[in-house]
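Engineer: Next comes the sequence, and after it the predicted model I'd like to discuss.
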Amino acid sequence: MDLTLRLATALLTASLLLPLRPAQAQLAGHGGPVRAIAVSADGKTVLSGSFDTAAIRWSLATESAEQVLRFHSGAVNAAAFLGDGRMATAGADGQIAIWTPGRLQPDQVVEGHTGPIVGLAVSPDTSKLASASWDHTVRISSLSDGGTRVLQGHSQSVNGVAFAPDGKSLVSVGYDLTVWIWPLPGGSPEIVSMPAPLNAVAISPDGEIVTGAADGKLRMMTADGKVSGEVMAGARPIVALAISQDGALIATGAIDGTVTIVDRKARSVMRTLAGLGAPVWSVAFLPDGATLLTGGADGKIRRWNALTGAAIGSNVLGTPADPLAAYVGDHGAEMFRACVACHTLSETEVQRAGPTLAGLFGRKIASLPGYRFTDALKAMDIVWTPETVSKLFEIGPNAYTPGTKMPEQKIGSAEDRRALTDFLARATSK
């Protein structure tokens, strides 16, 4: 072993022994768990989807939201970048929206699924988009002429879908403990039975199929369905899975918040990243093969060096801009701090997952232009005043505004509610 290799080995061994700290969120704006993360081909842009029904297009250079995409009436479970610069989002409403960056509404809406869509995959030639749904089907949609092919056979929810690198097959996995390898453009599929329900699938550049299961195991198989290995990634169900662009690393996210980095060739766990104890619903590698993004149940996206386990990004240094910095010592502002992730106080700020609160008092519920409110809220006759906002937090959003996308939260103290409404009266009228 030469000196360089010995030093590299020593440094790697030392890094494995160092305690890892959780990454602070660098992309914060969603009002619910981040269910999907996609990365652009150049690694500069991220598209995320959330249980809050919104998708957000982020700039990694500035760690800021460039556009909030609002169309879906349910959770946005899947996201993808298309070959022509456009984007696709899909969700619990069974619809796929095709977007051009900067436009407020989708260019196209693809319908047909009768259950939530939980996975999207773009073909290698970027001409087709495959979708996996809890309606037990996979659909392949042509991005050029809009034609659709429906693949049927799964007996339970289809949880993941991926194209082979050569485009000659499509792989789907489901809760029915099966992997289906569909030849393209047609033919009889190869069906492989597995010992546990499958929640995710990814395919490496050399064609190896990797599945993530409810028993915490990764299982690998050849392109024709022969099992070739397995790795125990953790004790809890795997719900997210990604392979680095060079095929060297696998990342998994688990229901208990564990993020595991696996050496694919060695079939071994390299490290477990420090978690926050809440589910990690999405993982994605940047094109450099080393940087990993994770989406958590707290609605935030974190960035890691998968090779060292270190949290990276400017916000890890503890210097993010605090939108409430001007209100230090204000009790009402501290009560509002839980709302900052979803709402801005000014129309000049970049929109977050929820509507801006600028000009809140005196405004009828669900009347703000440009925000996609639920039909249930639009039918209500509430006008926001200090009294109605106080009532909202006294009995909770689910009881006061049924059909809201707002996370359930209550403020039990009348004094705290009064401090909050007094703050909103001052801060939202500027």
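Structural biologist: Right, received. Where do you want to start?
Engineer: ranges for the helices of the stretch 301-430 of the chain?
Structural biologist: Assigned by DSSP state H, counting those that start in this stretch, the helices in the stretch 301-430 of the chain fall at 331-336, 375-378, 386-395, 397-400, 414-427.
Engineer: Return the most buried member of these.
Structural biologist: Among the helices of the stretch 301-430 of the chain, helix 331-336 has the highest mean neighbour count (mean count of other CB atoms under 10 Å), at a mean of 19. Heads up, the C-betas are built off the backbone N, CA and C, glycines and all.
Engineer: contacts for that helix?
Structural biologist: 324, 327, 411, 416-417, 419-424, 426-427 (CB atoms under 8 Å, 6 or more residues apart in numbering).
Engineer: For that helix, output the C-alpha coordinates as CSV.
Structural biologist: What follows is helix 331-336, C-alpha atoms only, in CSV (Å, rounded to 0.1, in the frame of the first residue of the first chain):
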residue,chain,number,x,y,z
HIS,A,331,-43.4,38.0,22.9
GLY,A,332,-45.8,38.0,19.9
ALA,A,333,-43.0,37.5,17.5
GLU,A,334,-41.8,34.5,19.5
MET,A,335,-45.3,33.0,19.2
PHE,A,336,-45.2,33.6,15.5
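Engineer: From the chain's centroid, how far away is that helix?
Structural biologist: Helix 331-336 has its C-alpha centroid displaced from the chain centroid by 29 Å (CA atoms, centre = their mean, to the nearest Å).
Engineer: Can you list the low-confidence ranges for this structure?
Structural biologist: Residues of the chain meeting the criterion pLDDT under 70: 1-25, 274-277, 313-322, 341, 350-353, 405, 407-408, 430.
Engineer: Please repeat the previous calculation with a cut-off of 50.
Structural biologist: 1-24, 314-320 (pLDDT under 50).
Engineer: just to revisit the earlier point, looking at the contacts of helix 331-336, spot the one nearest L357.
Structural biologist: Of all the contacts of helix 331-336, L424 has the smallest distance to L357: 6.6 Å, by CB to CB.
Engineer: Tell me how far the closest one lies from G32.
Structural biologist: Using CB to CB, to the nearest Å, L424 is found at 22 Å from G32.
Engineer: How about S169?
Structural biologist: According to CB to CB, S169 stands 34 Å off from G32.
Engineer: Kindly report the same for H331.
Structural biologist: Going from H331 to G32 by CB to CB gives 27 Å.
Engineer: ok, and for stretch 323-333, which residues are buried?
Structural biologist: For stretch 323-333, the neighbour count (16 or more other CB atoms under 10 Å) marks 323, 327, 330, 332-333 as buried.
Engineer: gap between the two ends of that stretch?
Structural biologist: The straight-line separation of the ends of stretch 323-333 (CA to CA, to the nearest Å) is 10 Å.
Engineer: If I follow the layout properly, G112 ends up in contact with V150?
Structural biologist: Yes - if you go by CB atoms under 8 Å, G112 and V150 touch, sitting 7.4 Å apart.
Engineer: picking up where we left off before, in TSV: the contacts of helix 331-336, plus distance to A379.
Structural biologist: Below are those laid out as TSV (distance: CB to CB, whole Å):
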residue	distance to A379
L324	33
Y327	35
I411	26
D416	30
R417	26
A419	31
L420	26
T421	25
D422	30
F423	29
L424	24
R426	31
A427	29
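Engineer: Among these, which one sits closest to V231?
Structural biologist: Ranked by distance to V231 (CB to CB), these are led by L324 at 44.1 Å.
Engineer: Would you check that the closest one makes contact with R337?
Structural biologist: Yes - when contacts are counted by CB under 8 Å, L324 is listed as touching R337 (6.2 Å).
Engineer: Identify the farthest-apart pair in the buried residues of stretch 323-333.
Structural biologist: Spanning the widest gap among the buried residues of stretch 323-333 are P323 and G332, at 14.2 Å by CB to CB.
Engineer: before we move on, back to that, so what's in contact with G112 and V150 at the same time?
Structural biologist: Joint contacts of G112 and V150 (CB under 8 Å, 6+ apart) are R139.
Engineer: Quick check on the nearest residue to V138 once chain neighbours are set aside: phi, psi?
Structural biologist: Leaving aside its sequence neighbours, V138 sits nearest to L151 (CB to CB, 6 or more residues apart in numbering; 4.1 Å). Main-chain dihedrals, L151, degrees, to the nearest 10: phi -110, psi 120.
Engineer: Next up, the contacts around L151.
Structural biologist: 137-140, 170, 172, 180, 182, 189 are the contacts of L151 under CB under 8 Å, 6+ apart.
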